[in-house]
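Colleague: sequence and predicted structure are below.
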Amino acid sequence: MQLIDLEYLRGNGIEKRVFGHDFVYRFPESEQMPRLNPPELALDLGKTGQSKLAFYFHIPFCTKFCNFCHYYKEALPSGKIVEKYLIALKKELAVYRKLITSRVKVQSIFLGGGTPTLLKGEQLNDLLESFAGIFPFGRRTEVSIESSPETLSQEKLFALREAGFNRLSIGSQDFDENVLRASNRAHSPRQAEKAVENARSAGFENINMDLIYGLPRQSAKSWERTMQIARGIELESITASDLRVQRNTAFFSWKREQFPSVEEMRKMYHCFIETFLRGGYLQQFPYQFVKRGKEMQFLENQWNSGKFIGIGASSCSFASGWDYNNTFPLHRYLHAIEERGIAAALGKRLSREEEMKRFVALGLKKSGLNRENSGVGKKEFIDKFGVGINEMFEGVIEKLKEIGLIEENKNRIELSYNGLFFHDEVAREFMQK
């Protein structure tokens, strides 16, 4: 399929900016969030039934900082500080249990970071056991953990399975030694492949690998080799994200010409989708392919405007009509938990119009070339808000259809083949309406 000219898109206000632009994962975006009133939030959490909730835990510890990572992280502190942080996570959970008086069905659990697998096996087991004692969940509930290959010893992997983790996400980023070195990664390509082999031996039947395209020293040719290696590993899930360079990263000071161009990044992206479509995978999201039956539940919930609670420093939540995030760094988070039990700091109760924008902007991330019910359903929208999606967003929809980034039929609106690469840019068009 022919790709749309980038200059034409730029002339219509659509431009992928690698430097200074974050991924779209909430609305309003983080820099627009005001300080919130914790008692007001607590009151709303208490009077609104949550029924189905996902939970995210942020484990911010790393032994080495990657040049691209803009998420909140800390150099691995002393064992005493780690234990203090884990105690605070449990305290925060217990407070949420008191606030949310309705019965809760746990939709999924996700541990991210940072590098959660830097924690000891017994620490992770204890955290999950404590969670189950506060919010019980079933054996089939998706319990995911992010990791880096160098932290995944055979012993650690068996401990993770024993603790109850059933989905493992391995941050490999690339299979080219030069690219990994430029990104300040702490592992080799072989370590990443070995981590998958060891995870299989430990009993993991749902393994995801995270990759990034747009990194220094990458090219369309080198990326094609990475795609072939990733395809050959027979993963249940493969995620490829475009590089976003934020001010708080080492890459921000690098010269722009050291990075692949947006045109080359687009070639890499379409190599990714063609490789895994041919491999028989399902495109669950623009940036993720899965084997059928292994769809990721946590992000499906998030992009469907489902409710979730973030636990830990900097974690985000969406519940009771509020989009909010916890305070950070570590000492502020610990102080907040000690003082009031929850650490919510920035956020707001969304208006009806803001919820509509959020629903569509995030919902379009459910687009996939071979996915059933791709994108946003018109009936879902009118059932939820009492107004038609075309009535609310007519100008935006017509513009994006005209320039070839979305497609519409009588039931749904979804990203087009060309629009998948620009999923964040399309989302912002709806958010800015």
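Modeller: Arrived safely, thanks for sending. Numbering: from 1, shown residues only.
Colleague: any low-confidence regions in the stretch 1-150 of the chain?
Modeller: Segments of the stretch 1-150 of the chain classed as low confidence (criterion: pLDDT under 70) are 48, 50.
Colleague: typed the wrong thing, it's the stretch 301-433 of the chain
Modeller: Checking the stretch 301-433 of the chain against pLDDT under 70 turns up nothing.
Colleague: mind listing the helices for it?
Modeller: 330-340, 352-363, 378-385, 389-402, 423-431 (DSSP state H, counting those that start in this stretch).
Colleague: list the buried residues for the third one?
Modeller: Counting neighbours by 16 or more other Cβ atoms under 10 Å, one finds that the buried residues in helix 378-385 are 378, 380-381, 385. Quick note: C-beta positions are derived from backbone N, CA and C, even for glycine.
Colleague: likewise the longest one?
Modeller: Burial within helix 389-402, assessed by neighbour count using 16+ other Cβ under 10 Å, is assigned to 389, 392-393, 396-397, 399-400.
Colleague: okay, the helices of the stretch 301-433 of the chain in CSV with distance to F55 next?
Modeller: Output for the helices of the stretch 301-433 of the chain, formatted as CSV (distance: least, Cβ to Cβ, whole Å):
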stretch, distance to F55
helix 330-340, 16
helix 352-363, 18
helix 378-385, 23
helix 389-402, 30
helix 423-431, 24
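Colleague: nearest to R278, of these?
Modeller: Ranking the helices of the stretch 301-433 of the chain by proximity to R278 (Cβ to Cβ) places helix 423-431 first, at 21.4 Å.
Colleague: what's that closest one in contact with?
Modeller: Applying Cβ atoms under 8 Å, 6 or more residues apart in numbering, the external contacts of helix 423-431 come out as 13-16, 21, 23-24, 27-29, 286-287, 357-358, 360-362, 364-365, 367, 393, 396, 399-400, 405-406, 415, 419.
Colleague: can you check stretch 152-167 too?
Modeller: With Cβ under 8 Å, 6+ apart, stretch 152-167 has contacts from 111, 117, 121-122, 124-125, 128-129, 132, 142-145, 168, 170, 195, 198-199, 201-208, 296.
Colleague: centroid residue for this structure?
Modeller: Note on the chain: the residue nearest the mean C-alpha position is L299, at 6.7 Å, using Cα atoms, centre = their mean.
Colleague: how about the contacts made by that residue?
Modeller: Contacts of L299 (Cβ under 8 Å, 6+ apart): 284-285, 288, 365.
Colleague: ok, R244 next?
Modeller: 18, 21-23, 70.
Colleague: what about K80, which SS state?
Modeller: helix (DSSP: H, G, I helix; E, B strand; the rest coil).
Colleague: again with Q284
Modeller: Assignment for Q284 (three-state DSSP): strand.
Colleague: correct me, but it touches N370?
Modeller: No. Contact between Q284 and N370 fails when scored by Cβ atoms under 8 Å: they sit 9.9 Å apart.
Colleague: how close does P77 sit to H270?
Modeller: 42 Å (Cβ to Cβ, to the nearest Å).
Colleague: can you flag the buried ones in the contacts of helix 423-431?
Modeller: Counted by 16+ other Cβ under 10 Å, the contacts of helix 423-431 give 14, 16, 21, 24, 27-28, 286-287, 357-358, 360-362, 364-365, 367, 393, 396, 399-400, 405-406, 415, 419 as buried.
Colleague: I311 pairs with what?
Modeller: Beta-bridge partners recorded for I311 (DSSP bridges): F57.
Colleague: tell me the spacing between it and E92.
Modeller: 5 Å.
Colleague: again with G232
Modeller: 42 Å.
Colleague: where along the stretch 101-250 of the chain do the strands fall?
Modeller: Ranges of strands within the stretch 101-250 of the chain are 105-113, 142-147, 167-173, 207-213, 237-242, based on DSSP state E, counting those that start in this stretch.
Colleague: just the residues contacting the fourth one, thanks.
Modeller: Meaning strand 207-213. Contacts for strand 207-213 (Cβ under 8 Å, 6+ apart): 68, 144, 146, 167-174, 183, 192, 196, 199-200, 223, 226, 230, 233, 235-243, 260, 265, 268-269, 272, 288, 296.
Colleague: any idea of the angle it forms with strand 167-173?
Modeller: Interaxial angle, strand 207-213 versus strand 167-173 (axes from the mean of the first three to the mean of the last three Cα atoms, to 10 degrees): 30 degrees.
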